[in-house]
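In: the following comprises the amino acid sequence and a computationally predicted model.
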Amino acid sequence: MSIAAHHAVPTPPPMGTLPQLRAALAGLAALGIDTRLEAFEQELEGTPLDQVPVLAERYRAYVLRNTTEQAVAALRLPVSSSAAELRTKMAAAR
């Protein structure tokens, strides 16, 4: 794998079916993000059929929110850079 491919922002996977949504949630693990797959499955079990699209949309949004360029860039920041940025923001908030 090339360095460019390794550092590319992931493109959100297809999420048009329940199996695709499950795969997209599971794929978040590669970014070190909580997949929420177990929570999704538990909620799906108790969700009335007419509410499944609402549930699916909520979890699609979770995948999209965690695969934005900014989210992935934040995950790749070294701890020292994250700490420095946090100190700067806290100082500005005072």
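Out: Here it is on my side, so go on. On a predicted model such as this, the values are computed, not experimentally measured, just so you know.
In: for the residue most central in space within the chain, which non-adjacent residue is spatially closest?
Out: In the chain, the C-alpha closest to the average C-alpha coordinate belongs to N66, at a distance of 2.6 Å (CA atoms, centre = their mean). When the adjacent residues along the chain are set aside, N66 lies closest to I33, with 5.0 Å between them (CB to CB, 6 or more residues apart in numbering). For every residue, glycine as well, the C-beta is placed using N, CA and C.
In: next, count neighbours for that neighbour.
Out: In terms of burial, I33 registers 18 neighbours under the definition other CB atoms under 10 Å.
In: secondary structure element for it?
Out: Per DSSP states H and E: I33 is located in neither a helix nor a strand.
In: what's the separation between it and R60?
Out: With distances defined as CB to CB, to the nearest Å, the gap from I33 to R60 amounts to 15 Å.
In: can you list the weak-confidence ranges in the chain?
Out: For the chain, applying pLDDT under 70 flags the ranges 1-10, 71-79, 81-82.
In: helices of that one, start to end?
Out: If you assign secondary structure with DSSP state H, the helices in the chain sit at 3-6, 18-27, 37-45, 52-66, 69-76, 79-93.
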